[in-house]
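Colleague: sequence and predicted model, in that order:
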Amino acid sequence: MTTENFVEYSYDGIVIPYEDSGDSQELALGTGSVIKVGDTYHAYYTAHNPYKHPKEVVLRATSNDLVTWTKDKTFALKADDKYNIDDFRDPYVFFNEDDGLYWMLMTTRLADDGIILKLTSDDLDEWKMKACCTMRSAMAIWNVRVSLNTKENGISPILSNGRKEWLDTLLPILLMGRLKR
């Protein structure tokens, strides 16, 4: 979708397609985010296949124009063994000026607790899993103002050092507390 005024939108078709094969990790594509570095846009997104182990991984595609995307077949980010490797999704990538690193925040599970996992990178290629926090500790760390009636795909602000960083679905999902299936 594209917009010039955030009121009217036009549908431009699928730009990063799923793959209609039970063998592909990309049987379904889910939540992700896009960051521009130099002249290149990097889309990090959730790839899901219920027939694979792990079911979910984070993949990447790049573009110079936000219309034509090239999937990076060499990039696949999987959860460490201590996290639920089948619940590893919703990457939100941004550059943290205070750290001088790219951060990726995502949702996963540690035991039965829904958590926000923080990964860091200096080059967008190699990511280090640095820390995680449950919703209780996230609320203590960040000043979060989110309405409980936010739509499932709504946008939730996180205020960090006076700057707004926008997470698309991470915090509304985690506001429910412990996530159980």
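Modeller: That came through, no problem.
Colleague: give the buried residues for stretch 85-95.
Modeller: Going by neighbour count (16 or more other C-beta atoms under 10 Å), the buried part of stretch 85-95 is 85, 86, 87, 88, 89, 90, 91, 92, 93, 94. Where C-beta positions appear, they are placed from N, C-alpha and C, glycine not excepted.
Colleague: which of those fall in strands?
Modeller: Among these, the members falling in strands (DSSP state E) are 88, 89, 90, 91, 92, 93, 94.
Colleague: just to revisit the earlier point, ok, so of the buried residues of stretch 85-95, who is nearest residue 107?
Modeller: Closest approach between the buried residues of stretch 85-95 and residue 107, by C-beta to C-beta: residue 90, at 4.7 Å.
Colleague: now that closest one: how far from residue 32?
Modeller: Distance, residue 90 to residue 32, using C-beta to C-beta, to the nearest Å: 8 Å.
Colleague: and residue 22, by the same measure?
Modeller: Residue 22 sits 22 Å away from residue 32, going by C-beta to C-beta.
Colleague: hmm, back to that, could you identify the most distant pair in the buried residues of stretch 85-95?
Modeller: Greatest spatial distance among these (C-beta to C-beta): 86 and 94, at 25.8 Å.
Colleague: report how many residues lie close to residue 97.
Modeller: Neighbourhood size, residue 97 [other C-beta atoms under 10 Å]: 9.
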